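Colleague: Could you look at this predicted model? Sequence included:
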Amino acid sequence: MTSTASPPTATVPPALRGSLGTASIVLMVLAAAAPLSVVGGSVPLGIALGNGAAFPTAFVVCCVVLLLFAVGFCAMARHVKEAGAFYAYVDQGLGRRAGLGSAYLALVTYTAIQAAVYGYIGVALDSLVQSYGCPHLPWWAWAGAVALVVGVLGHRQVDLSGRILGVLMAGEVGIVLVLNMAVLVRGEHGLSTALISPDRLTSGAPGLAVTFAIAGFLGFEATAVFRGEARDPDRTIPRATYFALALVGVFYALSSWALISAWGDKGAVAEARRDPESMLMTTVHRYLGSPAEHLAQVLFVTSLFACVLSFHHVIARYVHSLADHGALPAGLGRAHARHHSPHAASLAQSGSAVVLIAVFALAGMDPITEVFTWMGGLASVGVDVLMLLTCVAVVVYFRRTRSDTRRWQTLWAPALGGAGLLVLLVLTLLNFPLLIGGSAAFASALLGLLAAAFVFGWARRHRGTVPAELPVSA
């Protein structure tokens, strides 16, 4: 008797899936950049400690360099089918060991960014609720509560976070644009011309200005991390990368210029040095009134929340991809059967965030001057190194494979972008001790964490603890 039973069908494990379009991915990147937080935090510090009223030019310089980087990044995007962003590119161009080293470097870098934001949002949230008569709570309690909410959203499909981030982004960008318009229409000091004055561009400490400016672009490369959840990724990822960079660069340059114009060149420098933390809110109060100032304070907190949520998604997808490649425990590579989210990696990421918050709290570290400043500076260096490695990888990959013979996209643009990134990296390293209190020894110790992460990834491949056959893109 012949059996008519069908052979058993192998169960296909659920994979990451979503329907993110260009706009949704751009929102993820803009949320990671935290525009309102940058305008209210990095810009006053850049004015006070950098090149004064000419600080907006630092955003222009960084944007041009990163656009050159993006040309090669996007050209290679269609040849790298993995959703690993930096490490997938470095793996294809410079080999498996360099790729895994970059992967662990990226994990430490993005974890540092998220830790920095948790420190800041704990203080900002406590200050906000106290202004409405609520009792004071330690910064770490608020940060832990935020981590819980972020963990719940990270468990769900990424489309939900995309919609939430869209609402939050509309608010924080909207309040800054309204302020910009108010300054342009009825500014008391005229419009600043410092950014077109050659003597102003090199005054003060332009290297430190660039250090603050480059931090405002952190996370733009995360477009490639969402490849597995994007509609038509070969078109969506490059579009999202260019749009995000252009929007962020123009927004920062215009908003910092308007903030300076609101006070006048000399007045802006004086105010930034006197009270950088309150400069933006004071400006909003002067030009838009007290209700707008209260709204801006709320939006400042939501800006930080959007930032930490966006980076949670980025880190979770890095962990998920590494687990898929055998570089981390396989269980972290599981996707949720219903939400098609990297829920195991997301849970691990939430756990690590809570542990870091606890460590910083037990160590008695100040959430702003130590947690935020130290971790933010460390992340700036890490991202710059990753982008520089990616530029080299792009050039090497196309010279070796000849899969794309367009010289601008595959040679000249990434080479120029790499040269610019090298200059920015040197300037950041030279000024790094100033960001963490002036101690060269402690600065070296922190930077050693980045080097150790890269060496650890390289050594794992060298010892053969990672499968020899990782997925290779077409």
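Modeller: Looks like it came in fine.
Colleague: okay, CA-based contacts and neighbour counts for the rest of this
Modeller: Fine.
Colleague: Could you pull up phi and psi at Gly326?
Modeller: Main-chain dihedrals, Gly326, degrees, to the nearest 10: phi 90, psi 0.
Colleague: I'd like to know how many residues surround it.
Modeller: For Gly326, the count of nearby residues is 17 (other CA atoms under 10 Å).
Colleague: Do you know the pLDDT at it?
Modeller: Per-residue confidence (pLDDT) for Gly326: 74.
Colleague: from here on, count from 882
Modeller: Noted, 882 is the first residue going forward, which turns the last one into Gly1207.
Colleague: can you count the residues close to Val945?
Modeller: Per other CA under 10 Å, the neighbour tally for Val945 reads 16.
Colleague: hey, where'd the helices end up in the stretch 1132-1281 of the chain?
Modeller: Counting by DSSP state H, counting those that start in this stretch, the segments of the stretch 1132-1281 of the chain that form helices are 1146-1155, 1160-1169, 1171-1205, 1224-1243, 1254-1282.
Colleague: Those helices: which one's closest to Leu1018?
Modeller: Ranking the helices of the stretch 1132-1281 of the chain by proximity to Leu1018 (CA to CA) places helix 1224-1243 first, at 12.8 Å.
Colleague: Now the closest one - C-alpha only, CSV.
Modeller: Extracted C-alpha coordinates of helix 1224-1243, given in CSV (Å, rounded to 0.1, in the frame of the first residue of the first chain):
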residue,chain,number,x,y,z
HIS,A,1224,12.5,40.2,20.8
ALA,A,1225,15.3,38.1,22.3
ALA,A,1226,18.0,40.6,21.4
SER,A,1227,15.7,43.4,22.5
LEU,A,1228,15.2,41.8,25.9
ALA,A,1229,19.0,41.4,26.3
GLN,A,1230,19.5,45.0,25.3
SER,A,1231,17.0,46.1,27.9
GLY,A,1232,18.7,44.1,30.6
SER,A,1233,22.1,45.5,29.7
ALA,A,1234,20.7,49.1,29.9
VAL,A,1235,19.3,48.4,33.4
VAL,A,1236,22.6,47.0,34.5
LEU,A,1237,24.5,50.0,33.3
ILE,A,1238,22.1,52.4,35.0
ALA,A,1239,22.6,50.5,38.2
VAL,A,1240,26.4,50.5,37.9
PHE,A,1241,26.4,54.3,37.3
ALA,A,1242,24.1,54.9,40.2
LEU,A,1243,26.0,52.7,42.6
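Colleague: Please state the offset of that helix from the chain centre?
Modeller: The chain centroid and the centroid of helix 1224-1243 are separated by 18 Å under CA atoms, centre = their mean, to the nearest Å.
Colleague: average pLDDT for it?
Modeller: 90.
Colleague: And the contacts of that helix?
Modeller: 992, 995-996, 999-1000, 1021, 1024-1025, 1028-1029, 1031-1032, 1035-1037, 1193-1194, 1196-1198, 1200-1201, 1212-1217, 1252 (CA atoms under 8 Å, 6 or more residues apart in numbering).
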